[in-house]
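Participant: could you look at this predicted model? Sequence included:
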Amino acid sequence: MASIRDLKNDLNNTYGEVIDAILVHQQVNNKEDKVESEQLIDDIIDSFDHFISEINRKDVEHRAKHLETVKSDIEEKLNTFIERLNQL
């Protein structure tokens, strides 16, 4: 199992890259309404906060299994965000 620090770094880096891509999209398409892209950024930040709190939970019975579940949930959510970015 990867370390908790690595999991947090991966979460930060991947979500940061998606936010950067959204900001680039906003700059390239500056005539578009930015409501959808701003909402996507807000959703990413909310998801980030949720996953950090899940990673930091200590009251779980099987911590390793919990972290593996969190890791797979992060990947699923990230794919959803990428799909939404591609639809902008």
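Facilitator: Great, that's in hand. Residues are numbered from 1 along each chain as shown.

Participant: tell me which residue is most central in this structure.
Facilitator: Centroid-nearest residue in the chain: Tyr15, 4.1 Å away (criterion: C-alpha atoms, centre = their mean).

Participant: Val24 and Lys58: what is the separation?
Facilitator: 38 Å (C-beta to C-beta, to the nearest Å). Using the backbone N, CA and C atoms, a C-beta is placed for each residue, glycine as well.

Participant: more neighbours, these two?
Facilitator: Using other C-beta atoms under 10 Å, the more surrounded residue of Val24 and Lys58 is Val24, with 10 against 6.

Participant: picking that back up, residue contacts, the residue nearest to the centre of the chain?
Facilitator: Residues near Tyr15 by C-beta atoms under 8 Å, 6 or more residues apart in numbering: 44, 47-48, 78, 81.

Participant: adding distance to Ser72, write these out as TSV.
Facilitator: Shown next, in TSV, are those (distance: C-beta to C-beta, whole Å):
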residue	distance to Ser72
Ile44	18
Ser47	14
Phe48	16
Leu78	11
Phe81	15
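
Participant: how many residues are close by Lys76?
Facilitator: For the record, residue 76 is Glu, not Lys. 9.
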